[in-house]
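Colleague: Return a 3D structure for these sequence lines:
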Amino acid sequence: MKKNYNFLLGFWLLFLAGVGLRIYNLDQTLGPGDENQYLLDYGNTPFKYIATTFFYGGHHIFHTLVMRLMIVLFGDENAIAIRFPAFICGLGTLFIIYKISQIIFKSKITPFLSLAIIVLSPIHIYYSNIARGYSFIIFFSALMIFAVLRIFESGKFGVWGWVLSISAFLSTYTIATNVYFVFGLGCWVALVVFVPSLLKETSFVEDERKKIVIGFLTIFIAAGLMTLSAYWPVLDQMTGEAKDYHLPKTAYSSNFQTVYGIIENLFNMVFVGKLMFFSPFVIWGLFSTDIKKNSYRILAICILVIPFLVPLATSVGGYGRNFLFDIIIVIPFLAGGLVVFGIWLGKNLKQSHWIFEKGFVAIFLFVAIWQTIFVYFPSSGGGFDLKKFREDMGSFVNPLDLFIITDPQNYWYSHNIYKKNLKRSIYLNKLSGIKVAAGNKEKLINFQLIDGFRKFPIFKFLRDRKEIVSNKTDRGFSIFSLNERKKISLLEKDFESQAVWLKVGGEGKVEIERRTTLVGNSSLKVINNKPNEPFFVQANINRIIQVGNPMFVVMLWGGLELEKYNGGYNLAAPTLILENIQTKEHLALRMGKVNDGIVNYTGKNSENDIPIWMLSSFIGIILQGEFNLKLQVAALEGQSAIFDGISLFLFDVPSR
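Modeller: Below is the predicted model of the structure:
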């Protein structure tokens, strides 16, 4: 009784240590790794958009849906809530790996060592407190193995059949390449069912083989159908994303090198630093006599080998982190190898088994603790005072300022200010100034925007300006104020419906739209009748400007794509045309998109409306001259688009 109490106490002490290590960074500033871009792409988008859109950046759809639910409930700056789904799956994995080790190994020490290893695993700690889907695939993959083991142990499917099917679906709906794991597990199930000696190790009998086959086929087919139906709206997008982005990005000169690169990357994540010297003990564990059944040894080989045969055959693999499900097998067999090696060492040296068994394990645990506590955590970074940061931003950025953020890593905690200001400015047709967040003046000057094709330095004219007002924020960057006294608003409200639009390219028509509007009572609808070329229309602003010193030009607008609308947009930005009064030459002003990467959708009247309008801002520089201004808008190939809330503003470039 006392021994059982000690084991129970040991389990809870280790488990609570795992909880503590994963809580430590849970409230850290959002944005490490690719979490920042992931949140920007999907964090504030509707559930329909998440389920029907797949583009560059890696979209873990099921995790994204759960993360979005947490944002709806607790807000988009609540780091603990946003990361909680990954955190809770991480804790679930601790328990399941412990239970899997209990089933596979005879020794009572091995499950505890397995739990200790996963508790101290830096890569598992990292993905347990970051808003990405890798903790999900590890958890659901572990749950699948545990469910299959329980089915074979009990000799019936029951609730574990449901657990297996749902876990298979949710793991692949999180990351599609987890189908490689499902394939590997399915191969092991087939071996156990059709090899008589392996089937005898289960609670089933040979006469039940047909029943077993039907049962597992039903489970895996159901999971496959659920996965296919869930991915159906995005299959074409996934194929395009893989072809245009991920496959070229992860391509090697041969399929073998692709697999080698994945394994090398995976190895370096699992066996961090000095832990690499203990990796051979996984092999020792595979041949351990401590394993209860031969089928469990084959399970490890199937999970560690078969999933890599798919990228070996197809070159479609991804990254090492896509195969993190391997730690479910690596960790228990590493633990088993360490325990058995200690016993073997004691026997061969004719010394006390206890000294070598426990002593060798203690050495490994010392290295693991050192690697996690003294190497991983000090390098994992910290956060900042969010309350102070909000106060700073409220003081430095006015409600009608255009807020430009030069570093995408600062997007997440600044994006709401930019989006609210932009929406407010479009609705009121007012802009009070330009504020830029940059690390320092040099970074401000060197900052580049993209015009759709190439980058260009928008603030290079500020190099010799010595008195640009700036304020330092608690996050380390400064807010530069580019406001000067002279500012001009060029367009009246409802300009789109009041202007005379002339066709200048392609075939189509324009209509004044009064049912679908963003601002005011009407908007401009541009309909392209040709599927293979864009359609352009142009209107004279009827405004001649004289520019002495360079001036910033800011364009704000809202757009809506009709027929192709599925939550995503592919709209051509309006273009400002400068007609030189002296030479009569026409020039399209080069303008760059502000805060590219921040998704900005809105409804007409409130934040709760269906977000169908895309809001954007662009900035450029007009040099010396006298110009007549014209505005050009376009509908892309086969597209119908609506434009509304177009605003144009001129600001003096700071002169000192």
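Colleague: show me where pLDDT drops low in the protein?
Modeller: Applying pLDDT under 70 to the chain flags residues 1-4, 56-57, 251, 349-359, 380-386, 465-467, 484-485, 563-569, 604-611, 655-656.
Colleague: which strands and helices sit next to the top helix by length along it?
Modeller: Longest helix of the chain, by residue count under DSSP state H: helix 79-104. Counting by 3 or more Cβ pairs under 8 Å, 6 or more residues apart in numbering; DSSP states H and E, the packing neighbours recorded for helix 79-104 are helix 2-23, helix 61-74, helix 109-120, helix 122-128, helix 134-154, helix 294-314, helix 327-348. Just so you know, the C-beta spots here come from the backbone N, C-alpha and C atoms, and that holds for glycine as well.
Colleague: Out of those helices, the one nearest Leu648 is which?
Modeller: Closest of those to Leu648 is helix 61-74, at 34.0 Å (criterion: Cβ to Cβ).
Colleague: for that closest one, packing partners?
Modeller: helix 35-42, helix 47-52, helix 79-104, helix 158-174.
Colleague: okay, those in TSV with mean neighbour count and distance to Ile145 next?
Modeller: Listed next are these as TSV, based on neighbours: other Cβ atoms under 10 Å; distance: least, Cβ to Cβ, whole Å:
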stretch	mean neighbour count	distance to Ile145
helix 35-42	21	27
helix 47-52	17	28
helix 79-104	22	6
helix 158-174	21	9
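Colleague: OK, contacts around Gly620?
Modeller: When contacts are counted by Cβ atoms under 8 Å, 6 or more residues apart in numbering, Gly620 is found next to 458, 552-553, 555, 576, 589-592.
Colleague: how near is it to Asn521?
Modeller: Distance of Gly620 to Asn521, computed by Cβ to Cβ, to the nearest Å: 30 Å.
Colleague: And Glu513, by the same measure?
Modeller: 10 Å.
Colleague: Just want to know which of the two has more residues nearby.
Modeller: Neighbours per residue (other Cβ atoms under 10 Å) separate Glu513 from Asn521, with Glu513 holding more: 18 against 10.
Colleague: Report the beta-bridge partner residues of the more buried one.
Modeller: Ser523 (DSSP bridges).
Colleague: how much space between it and Val469?
Modeller: Distance of Glu513 to Val469, given as Cβ to Cβ: 42 Å.
Colleague: for Leu589, same thing?
Modeller: Look at Leu589 and Val469: by Cβ to Cβ, they are 27 Å apart.
Colleague: Who has more neighbours out of those two?
Modeller: Set side by side, Leu589 and Val469 show more neighbours around Leu589, with 18 against 13, by other Cβ under 10 Å.
Colleague: In contact with that one, which residues?
Modeller: If you count contacts by Cβ under 8 Å, 6+ apart, Leu589 has them with 553, 575-578, 620, 622.
Colleague: Pick the one among those residues closest to Ile109.
Modeller: Nearest to Ile109 out of these is Gly620 (Cβ to Cβ; 68.5 Å).
Colleague: Same list, the helices and strands packed on helix 79-104, but as a markdown table with mean neighbour count and distance to Glu585 please.
Modeller: Output for the helices and strands packed on helix 79-104, formatted as a markdown table (neighbours: other Cβ under 10 Å; distance: least, Cβ to Cβ, whole Å):
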| stretch | mean neighbour count | distance to Glu585 |
| --- | --- | --- |
| helix 2-23 | 14 | 63 |
| helix 61-74 | 19 | 49 |
| helix 109-120 | 25 | 68 |
| helix 122-128 | 24 | 57 |
| helix 134-154 | 24 | 55 |
| helix 294-314 | 18 | 54 |
| helix 327-348 | 23 | 64 |
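Colleague: for these, which one sits closest to Leu560?
Modeller: Using Cβ to Cβ, the helices and strands packed on helix 79-104 put helix 61-74 closest to Leu560, at 22.2 Å.
Colleague: got the angle for that closest one vs helix 79-104?
Modeller: Taking axes from the mean of the first three to the mean of the last three Cα atoms, to 10 degrees, one finds that helix 61-74 is oriented at 140 degrees with respect to helix 79-104.
Colleague: dump the residue contacts of the closest residue to Tyr376 other than its chain neighbours.
Modeller: Of all residues not flanking Tyr376 in the chain, Pro122 sits nearest, at 4.1 Å (Cβ to Cβ, 6 or more residues apart in numbering). Contacts for Pro122 (Cβ under 8 Å, 6+ apart) come out as 272, 371-372, 375-376.
Colleague: One more pass at 10 Å, please.
Modeller: Shown in contact with Pro122 (Cβ atoms under 10 Å, 6 or more residues apart in numbering): 21, 269-270, 272-273, 275, 368, 371-373, 375-377, 379-380.
Colleague: What's the ChimeraX line that selects buried ones from these?
Modeller: To isolate the buried members of those in ChimeraX, using 16 or more other Cβ atoms under 10 Å:
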select :21,269,270,272,275,368,371,372,376
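Colleague: Any chance of the contacts of Gly620 in TSV with secondary structure and distance to Asp236 as columns?
Modeller: Below are the contacts of Gly620 laid out as TSV (DSSP: H, G, I helix; E, B strand; the rest coil; distance: Cβ to Cβ, whole Å):
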residue	secondary structure	distance to Asp236
Ile458	coil	36
Phe552	strand	40
Val553	strand	38
Met555	strand	33
Leu576	strand	35
Leu589	coil	36
Arg590	coil	34
Met591	strand	32
Gly592	strand	30
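Colleague: hmm, which two among the residues you listed are most spread apart?
Modeller: The farthest-apart pair in the contacts of Gly620, when distances are taken by Cβ to Cβ, is Ile458 and Leu576, at 14.7 Å.
Colleague: Now Val375: closest residue in space that isn't a chain neighbour?
Modeller: Gly273 is the one closest to Val375 (Cβ to Cβ, 6+ apart), at 6.0 Å.
Colleague: What's the separation between the one you found and Gly261?
Modeller: Distance from Gly273 to Gly261, by Cβ to Cβ: 20 Å.
Colleague: related to what we said a few turns ago, please produce a markdown table containing the helices and strands packed on helix 79-104, extended by distance to Leu431.
Modeller: Shown next, in a markdown table, are these (distance: least, Cβ to Cβ, whole Å):
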| stretch | distance to Leu431 |
| --- | --- |
| helix 2-23 | 44 |
| helix 61-74 | 29 |
| helix 109-120 | 53 |
| helix 122-128 | 42 |
| helix 134-154 | 42 |
| helix 294-314 | 51 |
| helix 327-348 | 52 |
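Colleague: and of the ones you listed, who's closest to Ser203?
Modeller: Of the helices and strands packed on helix 79-104, the one closest to Ser203 (Cβ to Cβ) turns out to be helix 134-154, at 6.0 Å.
Colleague: C-alpha coordinates for the closest one, PDB please?
Modeller: Coordinates of each C-alpha in helix 134-154 appear next as PDB, following Å, rounded to 0.1, in the frame of the first residue of the first chain:
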ATOM      1  CA  TYR A 134       1.900  21.300 -32.900                       C
ATOM      2  CA  SER A 135       0.800  20.600 -29.300                       C
ATOM      3  CA  PHE A 136      -2.500  19.400 -30.700                       C
ATOM      4  CA  ILE A 137      -0.900  16.900 -33.100                       C
ATOM      5  CA  ILE A 138       1.300  15.500 -30.400                       C
ATOM      6  CA  PHE A 139      -1.700  15.100 -28.000                       C
ATOM      7  CA  PHE A 140      -4.100  13.600 -30.600                       C
ATOM      8  CA  SER A 141      -1.400  11.300 -31.900                       C
ATOM      9  CA  ALA A 142      -0.600  10.100 -28.400                       C
ATOM     10  CA  LEU A 143      -4.400   9.600 -27.800                       C
ATOM     11  CA  MET A 144      -4.600   7.500 -30.900                       C
ATOM     12  CA  ILE A 145      -1.800   5.200 -29.800                       C
ATOM     13  CA  PHE A 146      -3.300   4.900 -26.400                       C
ATOM     14  CA  ALA A 147      -6.800   4.100 -27.900                       C
ATOM     15  CA  VAL A 148      -5.400   1.400 -30.100                       C
ATOM     16  CA  LEU A 149      -3.500  -0.200 -27.200                       C
ATOM     17  CA  ARG A 150      -6.700  -0.200 -25.100                       C
ATOM     18  CA  ILE A 151      -8.700  -1.700 -27.900                       C
ATOM     19  CA  PHE A 152      -6.200  -4.600 -28.300                       C
ATOM     20  CA  GLU A 153      -5.900  -5.000 -24.500                       C
ATOM     21  CA  SER A 154      -9.700  -5.100 -23.900                       C
END
